[in-house]
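**Q** Have a look; sequence and predicted model below, questions after that.
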Amino acid sequence: MPVKPGDFLLVNFTLKVKESGETVDTTYDAVAKDARLHREDSTYGPRFIILGEGWLPKGLEDSLVGVDIGKQTTVELPPEKGYGARDPSKMKLVPLRRFRDKETPLPGERIELDGRPAVVRAVGAGRVQVDYNHPLAGRTLIYDVSVEKVLEDENEKILNVISVRIPEVDKTKFGLEKNKAELTIDVPEEAFYLSGLQVAKKAVTSDLQKYFPDLDTISFREVFKRTTPKTETEPPTETPRPAKPAEKTEEKQIPAEPEKPPSKPARRRRTPTAKRPTSKGPEKRAMMGSESQR
């Protein structure tokens, strides 16, 4: 089926500058390594575009209308069909003090200044010349390009739109749940702390509502799962152990003492008492004495 405007496409290409023969962009990993363009933080493979939305130069998009899937073609674009002619008014001199919070810029370095991408052309005494023209402006471009696939599945289209705005996370890790005009997007944990995530979610919402007019509500769901084992607040109840059989204890019988014969009642001691006077008292002795005198 020939390609038409509005199609969701996966496209492979290699871009060269005609004047120098330099390879400046590619979707092929091996080509990027040969041209010394390879970056470890980049993902190589077919690039997702919506034909006619300006995600590639207009001249290139126009040349893709009607091509067959999988057929490679070479397209040459003059500056006016590529990134335009160079505009001298976009060259600016900026005080070097504007970069005090950053490292000193180097010629050829791509920077962002005042929210706009620019290229450093020269660094002088206290001033930096920056170029706000596109790096490929004024160049003739040569594309070796092929359309690899036309996306038909709605979920696949949505995931690729998300990937354009959040390229740091594998698109297959996002979950989708659609209920008529409501779409819920499950955000994977890898994306929770990305810089600018809230801005990216707003851009995803705008894109989806633009390209999928039936969507009225788009929600993002972030689920934080427990990473450590759950600790029990109450100690687990222990299964009662079977009672041990009572140990047999041998009772030692103490031999009974032999019965003692009943003890005799103790003799009472008589308390010595004064002797009663006998008939032979002093008076009687006196009498006896008087009689003897007689």
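**A** Yep, it's here.
**Q** Identify the residues contacting Asn12.
**A** Residues near Asn12 by C-beta atoms under 8 Å, 6 or more residues apart in numbering: 27-28, 46-47, 145-146, 148. C-beta coordinates here come from the backbone N, C-alpha and C atoms, glycine included.
**Q** Now the buried members of those.
**A** 27-28, 46-47, 145-146 (16 or more other C-beta atoms under 10 Å).
**Q** Secondary structure, pLDDT and distance to Glu61 added to these, as TSV?
**A** Output for these, formatted as TSV (DSSP: H, G, I helix; E, B strand; the rest coil; pLDDT from 0 to 100; distance: C-beta to C-beta, whole Å):
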residue	secondary structure	pLDDT	distance to Glu61
Thr27	coil	96	16
Tyr28	coil	96	20
Pro46	coil	96	16
Arg47	strand	96	12
Val145	strand	97	10
Ser146	strand	97	14
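**Q** wait, which of the residues you listed is closest to Leu194?
**A** The nearest member of these to Leu194, counting by C-beta to C-beta, is Arg47 at 20.9 Å.
**Q** Go ahead and confirm Val161 touches Thr205.
**A** No - using C-beta atoms under 8 Å, Val161 is not in contact with Thr205, being 10.3 Å away.
**Q** what's around Thr231, how many residues?
**A** 5 (other C-beta atoms under 10 Å).
**Q** so what's it up against?
**A** Contacts of Thr231 by C-beta under 8 Å, 6+ apart: none found.
**Q** where exactly do the strands run in the stretch 101-250 of the chain?
**A** 110-113, 116-123, 127-131, 141-150, 175-179, 182-187, 217-222 (DSSP state E, counting those that start in this stretch).
**Q** and the fifth one, what other elements does it pack with?
**A** Packed against strand 175-179, as judged by 3 or more C-beta pairs under 8 Å, 6 or more residues apart in numbering; DSSP states H and E, are the following elements: helix 154-165, strand 182-187.
**Q** and the longest one, what does it pack onto?
**A** Helices and strands in packing contact with helix 154-165 are listed as strand 47-50, strand 175-179, helix 197-211; criterion 3+ C-beta pairs under 8 Å, 6+ apart.
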